[in-house]
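1. Build me a structure from this.
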Amino acid sequence: AALAADPRALPAPVSREAYRIVQEGLSNALRHAGEKVTVALRVEVLDGHLRITVENPFGTPVSAPRPGGGHGLRGVADRARLLGGAAEAGPEGPVWRLSVRLPLKGTA
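-> Below is the predicted model of the structure:
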């Protein structure tokens with residue numbers, strides 16, 4: 001995991017939604033890639049945006065659903081869109097990548 005952003009310096013709505021997006025990204029990796037995979041997480045500020053990237057190799061999904069699941073990738077996209085950002089998810093070579101961009105300006 002790489003954290004290149006100070007969470008205390010983020011606007012409250014961005015910090016709150018980023019936390020939930022990271023939580024969903026990690027839950028999805030566990031649910032769909034299996035329990036014994038390495039997940040790469042990057043959170044950084046670039047060009048006035050908070051960028052969140054979650055990557056994991058394809059694996060063997062766990063058989064039983066985990067309790068407390070969120071709203072999946074649709075929920076991640078909705079959270080990003082509500083803040084004026086964007087989310088993309090899909091295969092990228094040998095990994096599954098979730099990439100989210102949240103603007104830092106215009107959110108309070």
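2. what's near enough to touch residue 8?
-> Going by Cβ atoms under 8 Å, 6 or more residues apart in numbering, residue 8 touches no other residue. Quick note: C-beta positions are derived from backbone N, CA and C, even for glycine.
3. and it, that's in a strand?
-> No. Using DSSP: H, G, I helix; E, B strand; the rest coil, the secondary structure at residue 8 is helix, not a strand.
4. Look at it and report its pLDDT.
-> With respect to pLDDT, residue 8 scores 81.
5. how close does it sit to residue 82?
-> For residue 8, the distance to residue 82 (Cβ to Cβ, to the nearest Å) stands at 22 Å.
6. what's the neighbour count on residue 2?
-> By the criterion of other Cβ atoms under 10 Å, residue 2 has 10 neighbours.
7. Need the nearest residue in space to it, chain neighbours excluded.
-> Closest residue to residue 2 apart from its sequence neighbours, by Cβ to Cβ, 6 or more residues apart in numbering: residue 42 at 4.7 Å.
8. Looking at strand pairing, list the partners for that neighbour.
-> Assessed by DSSP bridges, residue 42 has beta-bridge partners residue 2, residue 53.
9. shouldn't it be in contact with residue 52?
-> Yes. Residue 42 lies in contact with residue 52 (Cβ atoms under 8 Å); the separation is 7.2 Å.
10. Which one's more surrounded, those two?
-> Taking neighbours as other Cβ under 10 Å, residue 42 and residue 52 compare with residue 52 leading, 25 against 15.
11. which residue sits closest to that one in space, ignoring its chain neighbours?
-> Nearest residue to residue 52 in three dimensions, chain neighbours excluded: residue 100, at 4.3 Å (Cβ to Cβ, 6+ apart).
12. tell me the SS of that neighbour?
-> At residue 100 the chain is in strand, as set by three-state DSSP.
13. per-residue pLDDT, it?
-> 98.
14. In this structure, mark out all the strands, start to finish.
-> Using DSSP state E, the strands found in the chain span residues 2-4, 40-46, 49-57, 86-92, 95-103.
15. can you pull the contacts of residue 96?
-> Residue 96 makes contact with 29, 32-33, 55-58, 89-90, according to Cβ under 8 Å, 6+ apart.
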